[in-house]
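In: Quick one: sequence plus predicted model below, questions after.
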Amino acid sequence: MADDCEHKLERRKAAWVTLCYPRASDCAQRLAHELARIGCAVEPRGDKVIERDGLSESRYLVRWKEPFDVNAVAPSFSTLGLASGAASVQWEIID
């Protein structure tokens, strides 16, 4: 699903991103910093702890101005999340 969403980034201006990561990790902050570095506005929208898995979950609203230079983003947004230490990353484009 993430790849399908990323193909729409040239036309869209906002997306939800939800990532799960080990509780002690700072990967949510690292991902937010990396997204801001490439020109996205990143707004935290909630955190929760998943007790049974020992994971934390963070949700962000990510916005950008069109035209968004997808060529400036290498690797993909999903790969950035996983590289930051997230166990999983989910993107949902806002129509």
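Out: Noted; the coordinates are in hand. Being a predicted model, the structure only gives us computed values, none of them experimental.

In: Quick one, grab the pLDDT at Gly85.
Out: Note on Gly85: pLDDT of 90.

In: My guess is it contacts Ala24. True?
Out: No: in this structure Gly85 lies outside contact range of Ala24 using CB atoms under 8 Å: 10.1 Å. To be clear about C-beta, it is placed using only N, CA and C from the backbone, and glycine gets the same treatment.

In: Among those two, which residue is more densely surrounded?
Out: Gly85 (15 against 7; other CB atoms under 10 Å).

In: Setting aside sequence neighbours, what's the nearest residue to the more buried one?
Out: Cys27 (3.5 Å; CB to CB, 6 or more residues apart in numbering).

In: Can you list the low-confidence ranges for this structure?
Out: Within the chain, the segments meeting pLDDT under 70 span 1-12, 65-75, 95.

In: Work out for me the element the most centrally placed residue in it sits within.
Out: Note on the chain: the residue nearest the mean C-alpha position is Val17, at 4.2 Å, using CA atoms, centre = their mean. Counting by DSSP states H and E, the element that carries Val17 is strand 14-22.

In: what's the answer for Thr79, then?
Out: helix 77-83.

In: Give the next helix or strand downstream of that helix.
Out: Scanning onward from helix 77-83 (DSSP H and E), the first element met is strand 88-93.

In: Who does that following strand pair with, and is each partner parallel or antiparallel?
Out: Next to strand 88-93 in the sheet, as set by DSSP bridges, lie strand 14-22 (antiparallel).

In: buried stuff in the partner strand?
Out: Within strand 14-22, the residues that qualify as buried are Ala15, Val17, Thr18, Leu19, Cys20, Tyr21, counting by 16 or more other CB atoms under 10 Å.

In: Can you give the distance of it from its chain's centre?
Out: 5 Å (CA atoms, centre = their mean, to the nearest Å).

In: Give me the contact list for that strand.
Out: Outside strand 14-22, the residues that touch it by CB atoms under 8 Å, 6 or more residues apart in numbering are 5, 9, 27-28, 31, 45, 50, 53-64, 77, 81, 84-94.
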